[in-house]
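**Student:** Turn this into a structure:
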Amino acid sequence: MSDYRNDVEELETRSATAARLFDVRRIIGGLFVVYGIIVTIAGITASDADLKKAQDININLWTGLGMLALGLFFLIWLKLRPTAPAEESGPPAEE
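**Tutor:** Coordinates of the predicted model:
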């Protein structure tokens, strides 16, 4: 019985760690931050011809800043509201 309980506790610990590691907010936030940085740099380095195509609106800069803000929102949300640990389950019912 003791071995079973230890195995269950170890499995729950691993499962909770995997859930925190692969939380979708971390993945989405990280990707938006990375792509936001790339698009923002493209907007900062835009030429006059690129701006003229977009009616003098630096769309890459604004889109990149928006993506960066969204990505940071997801990462801050993850930090403020982390994944809750799994609830304790009692020992299996014996017949």
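
**Student:** how about residue 38, secondary structure?
**Tutor:** When classified by DSSP: H, G, I helix; E, B strand; the rest coil, residue 38 comes out as helix.

**Student:** what separates it from residue 66, distance-wise?
**Tutor:** According to CB to CB, to the nearest Å, residue 38 stands 13 Å off from residue 66. The C-beta positions use only the backbone N, C-alpha and C, and glycine is treated the same way.

**Student:** and if you look at residue 79?
**Tutor:** To residue 66, residue 79 is 21 Å away according to CB to CB.

**Student:** Among these two, which residue is more densely surrounded?
**Tutor:** residue 66 (14 against 11; other CB atoms under 10 Å).

**Student:** which one is the more buried one nearest to, not counting chain neighbours?
**Tutor:** Excluding the flanking residues, the one nearest residue 66 by CB to CB, 6 or more residues apart in numbering is residue 36, at 7.5 Å.

**Student:** I figured the one you found hits residue 61, correct?
**Tutor:** No: Residue 36 is beyond contact range of residue 61, at 10.8 Å (criterion: CB atoms under 8 Å).
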